[in-house]
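Colleague: Here's a sequence, model it:
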Amino acid sequence: MQRSPELTAVLGLITCICVFHTTTAIDIPLEVLSHINIEQLPTITAQSPSSLIAFPFDESFPMTCEAKGNPEPEFRWTKNGQEFDPSLDPRLMKEENSGTFVIPNNGNLTEYQGTYRCYVSNKLGTAISKEIEFIVPHVPKFPKETLDPVVVEEGQPFTLKCNPPKGIPPLQIYWMTINLQHIEQDERVSMGLNGDLYFSHAVEKDSRRDYCCFAAFPRIRTIVQKTAMSVIVQTSRSNAILERKPSLLTPSTATSETQLVKGEDLKLECIAEGFPTPQVEWVKIGHQLPIKAKVENHGKLLLVPRVEQEDSGKYMCKAKNGLGEAVHYFTLKPPEWVIEPESQLSMIGSDVLIKCSASGTPQPTITWRVNGAPAPNRKVFDDTIVLRNAKASDSAVYQCEASNKHGTLLSNANIMIMSKYLMMHCNVFSSPPSTITWSKDDSSESVEGPRLTIHDNGSLEIYSVEKDDTGQYTCLAKNTEGSSAVDAMLYVKGKQFYLLMCLKSVKLKWIPGDDHNSSTTEFIIEYEESQWEPGNWKELLRVPGNHNSAVLKLHGHVDYRFRVSGLNAVGRGLPSEPTERYKTPPAAPDKNPENIKIEGHLPHEMDINWEPLLPIEHNGPGLEYKVSYRRQDVEEDWKEHMVKRHSFVVKNTPTFMPYEIKIQARNHQGWGPEPKIVTGYSGEDFPSAAPEDVAVEGLNSSVVKVSWTRVHKDKLHGHLGGYRINWWRLRSLVASKKSHGDKHTLTFPGDQSHATVPGLTPFSEYSLIVMTFNGRGNGPGSHPLNFKTPEGGRIVEKQHGHTVSLVWAPPLEPNGILTGYLLEYQLINDTEEVGPLQTVDISNPDTTKWNLRDLEPVSKYKFYLRSCTTVGCGPVVSEECTTTLETSLASIHGGISTQGWFIGLMCAIALLTLIVLIACFVNRNKGGKYSVKEKEDLHPDVESQGMNDDTFCEYSDNDEKPLKGSQHSLSREIKAGDSGDSLVDYGDEDVQFNEDGSFIGEYAGRKEKRVSAEIKATIQTPA
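Modeller: Predicted coordinates for the structure are as follows:
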């Protein structure tokens, strides 16, 4: 880069200027015109992207259209080519003095779906925005389909089609099995950019029934699955695969043309089939591959990140093996402006040429519009509109639109045709009215001459501007109260002159240097100022590499220097020589403090803090801040205080009341812009009330649900932080001695009215309190509430007819890695004989629920459950349950039970049963033997075991003993037709009442002792 960029800097203050020149058009930056009271065509400054997607998690969707112009422009919209007025829809939020409207995400958005365009008009012309498509995404779904198996001979190629549904990009494709195992990809098997899975040649291991394509849409947090596909590879009879040369599976043609979009990633793909597996190589015809290019997907994908103009050209992929090769050529052509139309300012009577051309594949079509409407009466020669002998009526916004099947480029050019004079306005507001005089350079005399006229409104008119008119012009406004002056510089260079009223802007121009065969991608503009950080160069702006000028927005009262450096793919070049210093005049602040924070550390104070303006943002000496505040909920005037620091404390405020606050900057030149109003609250105090109606509901032996009535907001005295529950264990219900346990606390943020407290010890008594808290701290606690947890170890949840539902929780201390559960059950009706012991091996450790179906009706069963690790299974927990008749069976006999004969029969049976029982009782008292060992094992008498604390309130006393008649399963696996349950039924199901499960780990030691004692007692019992 050359070290002498040309600098053109122009400045002024608040006077209003018309600008023109004698023969050729002048480039006046729009940023500069915004400071001048000159009539100005509308220019769009901000608009939404071409696609506005209504993501379901966003609160609203702004349809942006901002513009500037003089007179103030008006906005209108079209939707799908028809007039659309956002102000007629009360659901849309419209911003004042703006074309922007906001679509809230609180209803049916599909009615707003469509293509929008914004039109910005004033009396001089109309500018139009790009077309903006508002897209309401739907949840993508694969179609329900039945797919025939793919049958392929060994060694032949095949492709599994994914055909993902359309959705919001980015789209991510995965190929996995039904068990979510990724399909292995290599040089033979790979996924294409379109999501299809390509096989260069089939091998026997490709046969499987669960090829699944998953499509993920991360922007809408959705993953959908295609129906599983089956592949059957038929083995060759000769057990030999015929070799063949490569051919391309994709692309299917010999050549293709690809769009090159500057700044985006370029992806070229070649996937081949053949045997042996082909290898893929990449070449750029006539050049080396770009240094930044990468080869991915086992050589089948060429990735060129952030493509530039020099990346265009012709690329070739070559797939080869020992029998031959296949090639494909890619031609890359970038769609871009060749000549983008530029805004111009010309004189009446001159010829104006507006050029516009673009390149691309296919060649883009050029469409001209004037003020947003077709331009049939304009003379168009090739790519140029010609305005001969231009008139004032030719002033308009000219639109050039270049489009092909890949997209559209749109550019607005402001063309202004003006008269042959220069008018400098000096707008003054004063009371009493001021007298205005104009002077030039350092002279105190008023300007005069045949080409100069001072009008009654104070404007200075110069006709036929000459080189000698160059200089600084001063407008002096004076009345009895004082005087004020502003300056403006007029530059006349050759046949051009510039009078640009820009308080804090310069236009910097430079001549690009040698790029050393790597196109410049960006120019970096840096500045250095002499007051605050002299010698420290800082980055000010970056512009594209095809620009050679930039308008710089500067701060007031700063002595600047500038330099420019170029950046390309290799790196950053040396900076240019610095410009001469340019000092901006003092000015009022153009911004106010940001990030205002309102905090209340004490109940009757309000702390206001903000980020101060940087020294360079002062724009002049004497910076200070005006802090204004008032109560929001009452009618009162603003209270104001001037401070030089960046904090202020308001004293004697009521506790936690809403306030409106605004902060405005001021220096010796004047006030900053009107500040925005922010809302905050004065200091918080502790909550003064406790939650009421506290209640506890037991969910299982270790989890309770606590509910309460919320504290009223008037009692919070601050921002609600949430609620806290404190609880402690009073005693175990096994032991009578009370011992106050450690206090536990759980915090639940937000506005809650119930919460769950887990991790309690079964069969214990607890006490808890609930309190609310805010930023200051905790409020008072509720009255202590005592509650008891039930015994642990229950597993029967419910039974219905022939079905029993079992539910449990994992052990608190599994003593290893839990591998599953062992479930056993048997029939134990009140007879000497018991049924065979049935075994169910539950191999999924996440299973906590199981159904046993087809049990005997009206029968008593006993169920045993153990948790297992790789070492073995732990202690057992057991429970009994009696099945009932099915509802349908009961309804059949419902009428019989009301018949007299049936009632008599039942009474006779009962009488006979009673006689038999009496006879048995008498026989036993006489010393007769009656085997009750099995019944004692199955139905232990808790009282007979004594009141030992180690055995009190246990569910079973003989869980470790095998039962008479028990039969262990040979395989411990679930056979078809057993319980009818599967992991699919309950493996992913949320269990509503989780058991603590501590019976497995906590009581293991106790139950071993108890079983040992019971065995001895049994031996000693007489037969």
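
Colleague: and the residue nearest to Lys644 when sequence neighbours are not counted, what are its phi and psi?
Modeller: The spatial neighbour of Lys644 that comes closest, neighbours along the chain excluded (Cβ to Cβ, 6 or more residues apart in numbering), is Glu624 at 4.9 Å. For every residue, glycine as well, the C-beta is placed using N, CA and C. Per-residue torsions, Glu624: phi -150, psi 170 (degrees, to the nearest 10).

Colleague: Tell me if Ile903 really is in a helix.
Modeller: Yes - assessed by DSSP: H, G, I helix; E, B strand; the rest coil, Ile903 belongs to a helix.

Colleague: from now on call the first residue 824
Modeller: Sure thing, new numbering starts at 824, so read that last one as Ile1726.

Colleague: count of neighbours near it?
Modeller: Residue crowding around Ile1726 was assessed by other Cβ atoms under 10 Å; the count is 12.

Colleague: Model confidence score at it, please.
Modeller: Looking at Ile1726, its pLDDT reads 78.

Colleague: And Glu889, by the same measure?
Modeller: Confidence score, pLDDT, at Glu889: 89.

Colleague: Likewise for Glu1010?
Modeller: Looking at Glu1010, its pLDDT reads 91.

Colleague: ditto for Thr1476
Modeller: At Thr1476, the model reports a pLDDT of 90.

Colleague: sorry, back to before: contacting residues for the residue nearest to Lys1467?
Modeller: 1465-1467, 1488-1490 (Cβ atoms under 8 Å, 6 or more residues apart in numbering).

Colleague: try 7 Å
Modeller: Contact partners of Glu1447, counting by Cβ atoms under 7 Å, 6 or more residues apart in numbering, are 1465-1467, 1489.

Colleague: so Ile1486 makes contact with Ile1419?
Modeller: Yes - the pair Ile1486 and Ile1419 passes the contact test of Cβ atoms under 7 Å, sitting 6.2 Å apart.

Colleague: rewinding a little: in JSON lines: the contacts of Glu1447, plus neighbour count and distance to Val1699.
Modeller: Listed next are the contacts of Glu1447 as JSON lines, based on neighbours: other Cβ atoms under 10 Å; distance: Cβ to Cβ, whole Å:
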{"residue": "Met1465", "neighbour count": "11", "distance to Val1699": "81"}
{"residue": "Val1466", "neighbour count": "13", "distance to Val1699": "76"}
{"residue": "Lys1467", "neighbour count": "9", "distance to Val1699": "79"}
{"residue": "Arg1489", "neighbour count": "17", "distance to Val1699": "83"}
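
Colleague: Bridged to Ile1421, which residues?
Modeller: Beta-bridge pairing for Ile1421 (DSSP bridges): Ile1431.

Colleague: Need the pLDDT of it.
Modeller: For Ile1421, the predicted pLDDT is 90.

Colleague: With Arg1599 as the reference, measure out to it.
Modeller: Per Cβ to Cβ, to the nearest Å, Ile1421 is found 15 Å from Arg1599.

Colleague: what does Val1209 give?
Modeller: Val1209 is 75 Å from Arg1599, by Cβ to Cβ.

Colleague: between those two, who's got more neighbours?
Modeller: Per other Cβ under 10 Å, whichever of Val1209 and Arg1599 has more neighbours is Arg1599, with 21 against 14.

Colleague: Please report how far that one lies from Glu1507.
Modeller: 4 Å.

Colleague: same deal with Met1247?
Modeller: In terms of Cβ to Cβ, Met1247 sits 58 Å off from Glu1507.

Colleague: overlap in contacts of Ile1486 and Ile1419?
Modeller: Common contacts of Ile1486 and Ile1419 (Cβ under 7 Å, 6+ apart): Trp1433.

Colleague: Tell me which of the two has more neighbours.
Modeller: Ile1486 (23 against 20).

Colleague: tell me the SS of the more buried one?
Modeller: Here Ile1486 takes the strand state, with states given by three-state DSSP.

Colleague: ok, now which ones touch it?
Modeller: Contacts of Ile1486 by Cβ under 7 Å, 6+ apart are 1415-1416, 1419, 1433, 1448-1450, 1498.

Colleague: Find the residue closest to it in space, skipping its chain neighbours.
Modeller: Spatial nearest neighbour of Ile1486, chain neighbours left out: Pro1416 (5.1 Å); criterion: Cβ to Cβ, 6+ apart.

Colleague: try Glu1463
Modeller: Ser1451 (4.9 Å).

Colleague: Can you pull the phi and psi angles for the one you found?
Modeller: With angles defined as degrees, to the nearest 10, Ser1451 sits at phi -120, psi 140.

Colleague: what's across from it in the sheet?
Modeller: Beta-bridge partners recorded for Ser1451 (DSSP bridges): Glu1463, Lys1485.

Colleague: Could you report the neighbour count for it?
Modeller: For Ser1451, the neighbour count with other Cβ under 10 Å is 16.

Colleague: residue contacts, it?
Modeller: Residues near Ser1451 by Cβ under 7 Å, 6+ apart: 1461-1463, 1485.

Colleague: separation between it and Glu1440?
Modeller: In terms of Cβ to Cβ, Ser1451 sits 20 Å off from Glu1440.

Colleague: element containing Ala1742?
Modeller: Ala1742 belongs to helix 1723-1748 when assigned by DSSP states H and E.

Colleague: Let me fix that, I meant to ask about Val1106.
Modeller: Using DSSP H and E, Val1106 maps to strand 1102-1107.

Colleague: Can you point out the buried residues in stretch 1420-1437?
Modeller: 1421, 1423, 1425-1426, 1428-1433, 1435-1436 (16 or more other Cβ atoms under 10 Å).

Colleague: ok, which pair from these is furthest apart?
Modeller: Pro1426 and Leu1436 (32.0 Å; Cβ to Cβ).

Colleague: residues in contact with the residue nearest to the spatial centre of the chain?
Modeller: Nearest residue to the geometric centre of the chain (Cα atoms, centre = their mean): Arg1042, 6.9 Å. Counting by Cβ under 7 Å, 6+ apart, Arg1042 makes contact with 878, 991.

Colleague: 10 Å - rerun?
Modeller: The contact partners of Arg1042, by Cβ atoms under 10 Å, 6 or more residues apart in numbering, come to 876, 878-880, 960, 990-994.

Colleague: now Leu1124
Modeller: When contacts are counted by Cβ under 10 Å, 6+ apart, Leu1124 touches 1013, 1015-1016, 1090-1094, 1103, 1105, 1117-1118, 1140.

Colleague: okay, those in a markdown table with secondary structure next?
Modeller: A markdown table is the format used below for the contacts of Leu1124 (three-state DSSP):
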| residue | secondary structure |
| --- | --- |
| Ser1013 | strand |
| Gly1015 | coil |
| Leu1016 | coil |
| Lys1090 | strand |
| Leu1091 | strand |
| Glu1092 | strand |
| Cys1093 | coil |
| Ile1094 | strand |
| Val1103 | strand |
| Trp1105 | strand |
| Lys1117 | strand |
| Val1118 | strand |
| Cys1140 | strand |
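
Colleague: Surely Ser1216 is within a strand?
Modeller: No - assessed with three-state DSSP, Ser1216 is helix; it does not lie in a strand.

Colleague: Test for you: state the pLDDT assigned to the closest residue to it other than its chain neighbours.
Modeller: Using Cβ to Cβ, 6+ apart and skipping the chain neighbours, the partner closest in space to Ser1216 is Ile1240 (7.9 Å). Note on Ile1240: pLDDT of 78.

Colleague: Write down the beta-bridge partners of Ile1240, one by one.
Modeller: Applying DSSP bridges to Ile1240 gives these bridge partners: Ser1169.

Colleague: Surely it and Leu1168 touch.
Modeller: Yes - applying Cβ atoms under 10 Å, one finds Ile1240 in contact with Leu1168, separated by 8.3 Å.

Colleague: quick revisit: and the helix holding Ala1742, what's buried?
Modeller: Residues of helix 1723-1748 classed as buried: none (neighbour count, 16+ other Cβ under 10 Å).

Colleague: And stretch 1280-1297, by the same measure?
Modeller: Those would be 1281-1283, 1285, 1288, 1292-1294, 1296-1297, for stretch 1280-1297 by 16+ other Cβ under 10 Å.
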